[in-house]
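Asker: Structure of the sequence below:
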Amino acid sequence: RLIMLLVAAATESARGLRGSSLELLGRVVVANGSGEEVPVDRAYFSGARVALYFGAGWCPQCRSFEPKLAAVREALGAKLIYCSSDLSEEAARSRAAAMHLPRVQNPEPLKERFRVWAGREQISGKRRSGVPALVALGHDDLRELAFMDAESGGVGALARWPEGDEWP
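Answerer: Have a look, this model is predicted:
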């Protein structure tokens, strides 16, 4: 009976951790022409190659990685969403605007889900990577297709970017 209770509890816990990435994405905003942040409709991402970019403006590795990331984004027509590890809301807002990327207003649930955050952040759980990192997502359900650890792999991590038929 104890084993059955433990299995049931573990299953329930895993079900909670696997919650839809769409739900975890929360509110995604983008700066408009006048600098105001406006919500991005989910249709914006429909049928697109989407990836979460975990980074921070204070991170020298992130800043040196971003020009190559921008070139890959342009070449593949991918849509990136910025998941900030910046030190303030204002820093996150200005960083996303400077990169011309929509951003998640509350990236912590995504950091926990994909286990990516800067070392200076206090988030519970086992971290698989710091910043910069990318998670390529499926078109409709935003499930993880590929993980690119640029913190340890640098621009070479972009070689793991899904191509062609790997995207649903």
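Asker: Tell me if I'm right that residue 38 and residue 32 touch.
Answerer: Yes: contact criterion CB atoms under 8 Å: residue 38 and residue 32 qualify, at 5.2 Å. Glycine gets a C-beta too; all of them are placed from N, C-alpha and C.
Asker: Look up phi and psi at residue 43.
Answerer: According to degrees, to the nearest 10, the main-chain angles of residue 43 amount to phi -60, psi -20.
Asker: Return the per-residue confidence for it.
Answerer: Residue 43 carries a pLDDT value of 76.
Asker: so which strand or helix has the residue lying closest to residue 39 once chain neighbours are set aside?
Answerer: With CB to CB, 6 or more residues apart in numbering as the criterion, residue 39 has its nearest non-adjacent residue at 5.8 Å, and that residue is residue 29. For residue 29, the element it lies in under DSSP states H and E is strand 28-31.
Asker: Toward the C-terminus, what is the element adjacent to that strand?
Answerer: strand 37-39.
Asker: chain center to that next one, what's the gap?
Answerer: 18 Å (CA atoms, centre = their mean, to the nearest Å).
Asker: Could you identify the helix or strand that succeeds it?
Answerer: Per DSSP H and E, strand 37-39 leads on to strand 50-55 as the next helix or strand towards the C-terminus.
Asker: circling back: roughly how far apart are the residue nearest to residue 39 and residue 74?
Answerer: Per CB to CB, to the nearest Å, residue 29 is found 22 Å from residue 74.
Asker: the more surrounded of the two?
Answerer: residue 29 (16 against 9; other CB atoms under 10 Å).
Asker: isn't that one right up against residue 40?
Answerer: Yes: counting by CB under 8 Å, residue 29 touches residue 40, with 6.4 Å between them.
Asker: so what sits against both of the two?
Answerer: residue 102 (CB atoms under 8 Å, 6 or more residues apart in numbering).
Asker: list residues touching both of residue 38 and residue 32?
Answerer: In contact with both residue 38 and residue 32: no residue, using CB under 8 Å, 6+ apart.
Asker: With residue 109 as the reference, measure out to residue 147.
Answerer: 17 Å.
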